[in-house]
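Q: Predicted coordinates and the sequence they were generated for:
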Amino acid sequence: MDYALVHAVQHGMDPQQHVITFYDINCQYSKNLAHRLKGNNFVSLPDGLQIQPGIGLWHVHGHKAECFSRYAPNFIPGAGRVDGEIMETLWSSLNVVSPSARGMATPHRQELLDFQMNVSNFLKMVQMPLVLRKKLRAAQKGLASVKESFMELDNGVPSELRQKWVEEEIMALANRILDPKAMDIFEVQLKKAPTSKSIEIDLISQQGEYRCPHGSVTWLAKALKLEEAQLVFALDSRQAESTMTETYKLSMIHRRKQLQSHINGLMECAEKYLGGSLDDVLQNASQVPDQPDNWYDTDNPFLIPSSESVEFVVLPLPSYLGKHHFQRFGVGGIVEQELQLWQGQANDTLHELRLALADKAVIFQTEVRHATNYNRNTRAWGKVASTEAIVQRHAGIYR
């Protein structure tokens, strides 16, 4: 690659000319190019020659997100929209001769592929003026609407901010060859919401600031996970008894016992973090959430009467018990810890909800729309139903 590049730029080229190279992996190849050529005694670039590395639009979208603003021709002045410099778009035309090439010997197959590629190159050369003229007309037609939309956006930007953006653009374009990261200002700056795990790690590292018993963050995180497990189990147990197989019924029994065991373990450690006697705390709970119609008859919904209703047990979280109780015992920080963990749980759920909705949209696009018979239509809608169940599960957790 280095040898071919050096001889290409030395052939009839002004050293002061600005050179743009396109390569599938230019983001890696160009990093140490100058260093490699500097230590080579046989090939070298003309003094003062500047090479701007780029990646064609067909390949750049398969790279990391930051490669788009750093190497895409959209952000290289004078590059335009590069098209046709790659081989991959010719694979479909080569598929036409692939059945004939399967039974050939290696020399015969090579001649066939060479002939096919020569035909492709000849057609590209002959038809290029027609294609470019067609694209030029389309670009001229769209230029007016693009300018109108741009002016509408530009007029809404304060002049001071516009001038700042122009200066940043000039600085980034001037430094991009030596520092490609300078082009990152053109990327959309999105800050991902913190996950429940990252929030839990931060809270554990800041345990002393909240003046709470050691291990309260882990206990709260476990309680929130158990609430999720309760909701998922309640949704799964709604399946009609007549449609349940024996294997499914047995798995539900095991899941119920496991869930009850985890809740019992959570209750055993509750007094350490709630302050005061567990029975007194639970009896004085002030914000018990609404229960379903089939809720068992008891004065205290926090207690577990039987394993048959374990999915409806209300866990003794600070949000249900009231912050005044914890402030009275000097552990009010546990309320703030729970709130932050709730936010992390909501962020995780929203992320999963977006993914599930995206999967559902893809299924409609690729499966349901193209279902041409009863069997394919049934399978497609079955996938939609499965994805919708996932959507409802995450929506229930978020609520």
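A: Arrived safely, thanks for sending. What you see is a predicted model; the values in this text were computed from it and never measured.
Q: ranges for the strands of the stretch 151-300 of the chain?
A: With DSSP state E, counting those that start in this stretch, there are no strands along the stretch 151-300 of the chain.
Q: Name the residues of stretch 71-81 that come out as buried.
A: Along stretch 71-81, these residues count as buried under the neighbour rule (16 or more other Cβ atoms under 10 Å): 71-73, 75-76. Backbone N, C-alpha and C define where each C-beta goes, glycine included.
Q: Would you confirm that residue 104 contacts residue 112?
A: Yes. In this structure, residue 104 is within contact of residue 112 by Cβ atoms under 8 Å, at 6.6 Å.
Q: The two: who's more crowded?
A: residue 112 (16 against 13; other Cβ atoms under 10 Å).
Q: so that one sits in a helix?
A: Yes. Counting by DSSP: H, G, I helix; E, B strand; the rest coil, residue 112 is found in a helix.
Q: can I see the domain layout of this structure?
A: The record's domain split for the chain, according to the TED database, is 1-186, 196-288+306-398.
Q: Quick check: residue 37 touching residue 43?
A: Yes. With contact defined as Cβ under 8 Å, residue 37 counts as touching residue 43 (6.4 Å).
Q: hey, what's in contact with both of these two?
A: Common contact partners of residue 37 and residue 43 (Cβ atoms under 8 Å, 6 or more residues apart in numbering): 2, 6.
Q: Of the domains of the chain, which stretch is the most buried?
A: Most buried of those, by mean neighbour count (mean count of other Cβ atoms under 10 Å): domain 196-288+306-398, with a mean of 15.
Q: model confidence over that domain, on average?
A: On average, the pLDDT along domain 196-288+306-398 is 78.
Q: how long is it end to end?
A: End-to-end distance for domain 196-288+306-398, by Cα to Cα, to the nearest Å: 13 Å.
Q: circling back: between the buried residues of stretch 71-81, which is nearest residue 367?
A: Residue 367 has its nearest neighbour among the buried residues of stretch 71-81 in residue 72, at 32.2 Å by Cβ to Cβ.
Q: I'd like the distance between that closest one and residue 145.
A: According to Cβ to Cβ, to the nearest Å, residue 72 stands 22 Å off from residue 145.
Q: Please apply the same query to residue 246.
A: For residue 246 relative to residue 145 (Cβ to Cβ), the value is 65 Å.
Q: With residue 253 instead?
A: 64 Å.
Q: Would you mind giving both backbone torsions of residue 50?
A: Per-residue torsions, residue 50: phi -110, psi 130 (degrees, to the nearest 10).
Q: same thing with residue 54?
A: phi -150, psi 160.
Q: beta partners of it?
A: Going by DSSP bridges, residue 54 is paired in beta bridges with residue 22.
Q: Touching, it and residue 77? I think so.
A: No. Counting by Cβ under 8 Å, residue 54 sits too far from residue 77 to count as a contact (11.6 Å).
Q: Outside of stretch 110-121 itself, which residues are in contact with it?
A: So stretch 110-121 is contacted by 90, 93-94, 96-97, 100-101, 104 (Cβ under 8 Å, 6+ apart).
Q: and if you look at stretch 356-371?
A: 376-377, 379-381, 383-384, 387-388, 390-391, 394.
Q: now with 7 Å?
A: 377, 380-381, 383-384, 387-388, 390-391, 394 (Cβ atoms under 7 Å, 6 or more residues apart in numbering).
Q: I'd like those written out as CSV, with secondary structure and distance to residue 12 added.
A: Converted to CSV, these look like this (DSSP: H, G, I helix; E, B strand; the rest coil; distance: Cβ to Cβ, whole Å):
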residue, secondary structure, distance to residue 12
377, helix, 62
380, helix, 59
381, helix, 63
383, helix, 59
384, helix, 61
387, helix, 59
388, helix, 63
390, helix, 61
391, helix, 61
394, helix, 62
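Q: from the residues you listed, which single one is nearest residue 161?
A: residue 394 (38.4 Å).
Q: From residue 59, how far off is the closest residue to residue 29 other than its chain neighbours?
A: Spatially, and ignoring its direct neighbours in sequence, residue 29 is nearest to residue 23 (5.6 Å; Cβ to Cβ, 6 or more residues apart in numbering). Computed as Cβ to Cβ, the residue 23 to residue 59 distance reads 9 Å.
Q: next one: residue 311
A: Applying Cβ to Cβ to residue 311 and residue 59 gives a distance of 51 Å.
Q: ditto for residue 72
A: With Cβ to Cβ as the criterion, residue 72 and residue 59 are 10 Å apart.
Q: Residue 344 falls within a helix, correct?
A: Yes. Assessed with three-state DSSP, residue 344 lies in a helix.
Q: these two touch, right, it and residue 195?
A: Yes. The criterion here is Cβ atoms under 7 Å, and residue 344 meets it with residue 195 at 5.8 Å.
Q: quick one, what contacts the closest residue to residue 75 other than its chain neighbours?
A: Closest residue to residue 75 apart from its sequence neighbours, by Cβ to Cβ, 6+ apart: residue 69 at 5.6 Å. By Cβ under 7 Å, 6+ apart, the contact list for residue 69 reads 75, 183-184, 186-187.
Q: Give the rounded mean pLDDT of the host helix or strand of residue 69.
A: Using DSSP states H and E, residue 69 falls within helix 65-71. Averaged over helix 65-71, pLDDT sits at 90.
Q: Give me the distance between it and the centre of its chain.
A: Here helix 65-71 is found 17 Å from its chain centre; the criterion is Cα atoms, centre = their mean, to the nearest Å.
Q: heads up, I number from 81, so please use that
A: Sure, I'll start numbering at 81, so the last one becomes helix 145-151.
Q: continuing past that helix, what's the next helix or strand?
A: Next helix or strand after helix 145-151 toward the C-terminus (DSSP H and E): helix 171-174.
Q: just the CA coordinates of that following helix, formatted as CSV?
A: What follows is helix 171-174, C-alpha atoms only, in CSV (Å, rounded to 0.1, in the frame of the first residue of the first chain):
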residue,chain,number,x,y,z
TRP,A,171,-20.7,-8.3,-6.7
SER,A,172,-24.3,-8.5,-7.9
SER,A,173,-23.2,-8.3,-11.5
LEU,A,174,-20.5,-11.0,-10.9
